[in-house]
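>>> task: produce atomic coordinates for the following.
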Amino acid sequence: IKSKPMLSKSARRLFNRACVPKSRAPCHSLPLNFKRTNENVRISPKFPKEDRNNFNAAFFSTQKELKEEKHEFQAETRQLLDIVTHSIYTDKEVFLRELISNASDAMEKLRHLQVMGKEIEGQGSPFEIQISSDEKEKIITVQDSGIGMTKEELVSNLGTIARSGSKAFVEEIKEKKGSALQDIIGQFGVGFYSAFMVANRVDVVSRSALGGPTLKWSSDGSGEYTINETDEKLSNERGTKIVIHLREGCDDFSNSEKIEGIIKKYSNFVGAPIKLNEKAVNTVEAIWMKMPSEVEDKKYEEFYQFIAHAYDAPLDKIHFRTDVPIDLKVLLFFPTFHTEKFGMGRMEPGVSLYSRKILIEAKSKNLLPEWLRFVKGVVDSEDLPLSLSREKPQDSALVARIGDVLVRKVLRFLQEMNKKQSDKYKNDFFKEFGHFLKEGICQDFKNQGEIAKLLYFETSKEQPKALSSFDDYVARLSPEEKNIYYLCAPNRTLAEGSPYFEAFRRKGKEVIFVYNAIDDFVMTNLKEYSGRKIVSAEIDGLDLGDEEKGEERGDEGRKDGEVGLSEEQTNLVKAFFMESLSEKVSEVRLTNRLSDSPALISGQESGSVRRMMRYIEMQNTGFDQKMPKQILEINPQHSIITGLYRSIGNNAELARIVAEQVFDNALATAGLLDDSQAMVPRLNRMMERLLADGSGGVAGSDVKEEEGELKDGRLEGEEVEEN
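Now for the predicted structure:
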């Protein structure tokens, strides 16, 4: 034993005889299994005082070490221990969750022994987990008043890596045809060793609740551990105390505020009370484990505020349990508002995954789709297979099925609210969270039809601000109508004044008004509802059923004084547009859709969709993409088009300016005009020409003004005052 004090030659011989009477082996090679009491040792008073002191120190230190039993970990090798402590876990703070889970399991096992009628030590001891920290000494202590361990259990449970004492306990109960404990957490037998991620030494002091000596297990994680009896006292007469000596670089884990944060994050809902430096930490109850009838509204509100870090009361909640095909306990909340509208960035998922009240995955991205990220709550499953580190689920397919169950529950709940509490749904929920439902239409194709039932819009036949669902719209359609029409505009006023709405107004057909670009994408992605196609009012070749064709339209909808062009004249106007706008227009057509407007832009998609697609392409390429050539539809009965025809022969330059302005106006109403400032010089030139003409009218046209004809700058019959 090389660390012993130096002895004189005579004292060394006496030490050897006292410790190893049948051997002349030197002190440093004493057998570790040799035991001897100091009653058989006599120290001659002839020895100098210094020799006697050194002898006593060496002898009794040796005797103490001889009582310690050194063991090697039984499972595999030191390499396995390294893997468990350094490779399995992604976050070091998880070690505290694992130790608290072990402590909770120890107390659940003790409760089971009490139910079985076993006599246990320390009957009056409180069932609680005590955690203390010493920042100066860099020590964390986790102590429970649970079942404790015997020497054999210390060797079996702590000396064997990847052996779960909790799992073995439950299996033993099952073999005896008892009921397995539902609150037992441990499964894999590796959680304890996570302590070595932050510790350079771990001491475990334990005493079995069934009686026996207090034992101390100690290891530095290098592949060996020692077990010996100890005089160290436990705060209770039974249980286990784990002392973690933090390694360099992990000192911050001894900070009480950090420890409290870790407890509240992972272990806030374990069954046993947790005290940190004598202060209660886990004061919020895991109410999702109860039946809904057992929970008061005040408890729901407090729990929502805790998990959502909110100060408001929830708008509503879903609380349910299922046993088949998988055990689930679910509590979901709908907040009263969301933070994305304040420009605070995209919200994280709001639902966390638990197993037996222990956090497995905070703000899980796999339980609910992104469009439901505003929902807050917890999902707890005892049957969910977990990874070895218990930091995430192992069966992704099963998690996906759980997610499907949750989405269906949420949609049915919202549909029920919409049906029974319509005002609450429309005014409180949809007004705040309708944007997320529309996002769901574009992302969740599996549930598109069910989400669509929850959407509301303004329509042309309802009063401003009054909302109608797709079902409301379809109910007002005649049986022969097969399309649902919508028009995207910045607001209702512009929608009602849009050239694309003129034909619908004339025919008395109802149109859904949508005011955001995402609404246009919703309609494009949804495509149909209740067997009817969803059609944009802006698309090319729109068929409104019995719409009149060309000259058959007669005078309906025509302004007073309008005179239509002949086929030859319209062909001349179309050719002039094509010549003047050859770089911007691919085709010029006649249309009977218009009555108040001279022209419009048509295409296969609405203007907002085309504008968004162009913006995305610009983002991907980094260059502003040139707008493709457009299809221009003109109204041959409109006075601007007939005046343009007359100007072609009389004033070609003015006619070209008017043609360009008609095209830009059509782009503007379609939402496709990129730069409105480009129109300003043209408008200025147009006004100059009109004012220079003297009559203020279009060159070559006869303009009626009120009841008289304007001649030489005055109305016919008007007296001219003489000076």
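>>> all contacts plus neighbour counts: C-alpha atoms, from now on.
Will do.
>>> do I have it right that residue 319 meets residue 292?
Yes. Using CA atoms under 8 Å, residue 319 makes contact with residue 292 at a distance of 6.3 Å.
>>> comparing those two, which residue is more hemmed in?
Legend: neighbour count by other CA atoms under 10 Å for residue 319 and residue 292, higher for residue 319 (19 against 16).
>>> ok so the more buried one is a helix residue?
No. Secondary structure of residue 319 (DSSP: H, G, I helix; E, B strand; the rest coil): strand, not part of a helix.
>>> so what's it up against?
With contact taken as CA atoms under 8 Å, 6 or more residues apart in numbering, residue 319 is in contact with 288, 292, 329-332.
>>> can I get these in TSV with pLDDT, distance to residue 679 and secondary structure?
Output for those, formatted as TSV (pLDDT from 0 to 100; distance: CA to CA, whole Å; DSSP: H, G, I helix; E, B strand; the rest coil):
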residue	pLDDT	distance to residue 679	secondary structure
288	95	63	helix
292	93	65	helix
329	95	63	strand
330	97	60	strand
331	97	58	strand
332	98	54	strand
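>>> just give me the closest of these to residue 341.
Nearest to residue 341 among these: residue 332, at 21.7 Å, using CA to CA.
>>> give me the nearest residue to the closest one, chain neighbours excluded.
residue 377 (4.3 Å; CA to CA, 6 or more residues apart in numbering).
>>> could you check the distance from the one you found over to residue 288?
Going from residue 377 to residue 288 by CA to CA, to the nearest Å gives 9 Å.
>>> which residues do these two both contact?
330-331.
>>> how long is stretch 223-241 end to end?
21 Å.
>>> and if you look at stretch 330-345?
27 Å.
>>> buried ones in that stretch, by neighbour count?
Neighbour counts over stretch 330-345 (16 or more other CA atoms under 10 Å) mark 330-335, 337 as buried.
>>> re the thing from before, now the two most distant members of the contacts of residue 319.
Farthest pair in the contacts of residue 319 (CA to CA) is 292 and 332. Separation: 12.1 Å.
>>> wait, isn't residue 429 in contact with residue 336?
Yes. With contact defined as CA under 8 Å, residue 429 and residue 336 form a contacting pair (7.5 Å).
>>> hey, what's in contact with both of these two?
Shared contacts of residue 429 and residue 336, counting by CA under 8 Å, 6+ apart, come down to residue 315.
>>> circling back to that earlier point, can I get the buried residues of stretch 330-345 in a markdown table including distance to residue 201?
Shown next, in a markdown table, are those (distance: CA to CA, whole Å):
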| residue | distance to residue 201 |
| --- | --- |
| 330 | 40 |
| 331 | 41 |
| 332 | 42 |
| 333 | 44 |
| 334 | 47 |
| 335 | 46 |
| 337 | 49 |
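>>> so where's the stretch 251-400 of the chain uncertain?
Within the stretch 251-400 of the chain, the segments meeting pLDDT under 70 span 387-391.
>>> quick one, strands of it?
274-276, 279-280, 316-322, 328-334, 351-355, 358-361, 376-380 (DSSP state E, counting those that start in this stretch).
>>> among those strands, which is nearest residue 581?
strand 328-334 (54.2 Å).
>>> tell me which residues are up against that closest one.
So strand 328-334 is contacted by 288-289, 304, 314-322, 351, 374-382 (CA under 8 Å, 6+ apart).
>>> adjacent strands (with direction) for that strand?
strand 316-322 (antiparallel), strand 376-380 (antiparallel) (DSSP bridges).
>>> before we move on, back to that, for residue 214, find the nearest of the strands of the stretch 251-400 of the chain.
Closest to residue 214 of the strands of the stretch 251-400 of the chain is strand 274-276 (CA to CA; 23.3 Å).
>>> check the offset of that closest one from the chain's centre.
30 Å (CA atoms, centre = their mean, to the nearest Å).
>>> got the contact list for it?
128-132, 256, 260, 280-282.
>>> could you dump the contacts of residue 319 into TSV and include distance to residue 461?
Below are the contacts of residue 319 laid out as TSV (distance: CA to CA, whole Å):
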residue	distance to residue 461
288	46
292	44
329	46
330	42
331	41
332	38
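>>> all strands of the stretch 101-250 of the chain, in order?
Under DSSP E, counting those that start in this stretch, the stretch 101-250 of the chain gives strands at 129-134, 139-144, 199-207, 215-219, 224-229, 239-246.
>>> can you check what angle separates the fourth one from strand 239-246?
For the pair strand 215-219 and strand 239-246, the angle between their directions (axes from the mean of the first three to the mean of the last three CA atoms, to 10 degrees) equals 30 degrees.
>>> show the residue spans covered by the strands in the stretch 451-600 of the chain.
Counting by DSSP E, counting those that start in this stretch, the strands of the stretch 451-600 of the chain are 456-459, 468-469, 483-488, 512-514, 528-529, 532-536, 585-590, 599-602.
>>> and of the ones you listed, who's closest to residue 146?
strand 456-459 (57.1 Å).
>>> same for the closest one, what does it pack against?
strand 468-469, strand 512-514 (3 or more CA pairs under 8 Å, 6 or more residues apart in numbering; DSSP states H and E).
>>> most packed of those strands?
Among the helices and strands packed on strand 456-459, strand 512-514 has the highest mean neighbour count (mean count of other CA atoms under 10 Å), at a mean of 22.
>>> show me the helices in the stretch 301-450 of the chain, by range?
Here the stretch 301-450 of the chain has its helices, by DSSP state H, counting those that start in this stretch, at 396-420, 422-423, 431-443, 448-452.
>>> possible to save these as CSV with distance to residue 142?
Formatted as CSV, the helices of the stretch 301-450 of the chain follow (distance: least, CA to CA, whole Å):
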stretch, distance to residue 142
helix 396-420, 33
helix 422-423, 53
helix 431-443, 44
helix 448-452, 49
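>>> among these, which is nearest residue 71?
Nearest of the helices of the stretch 301-450 of the chain (CA to CA): helix 396-420, 40.0 Å.
>>> surely residue 432 meets residue 339?
No. Assessed by CA under 8 Å, residue 432 is found out of contact with residue 339, at 10.4 Å.
>>> hang on, isn't residue 122 packed against residue 239?
No. Applying CA under 8 Å as the test, residue 122 and residue 239 come out as separate, 9.5 Å apart.
>>> right, I'll leave it there.
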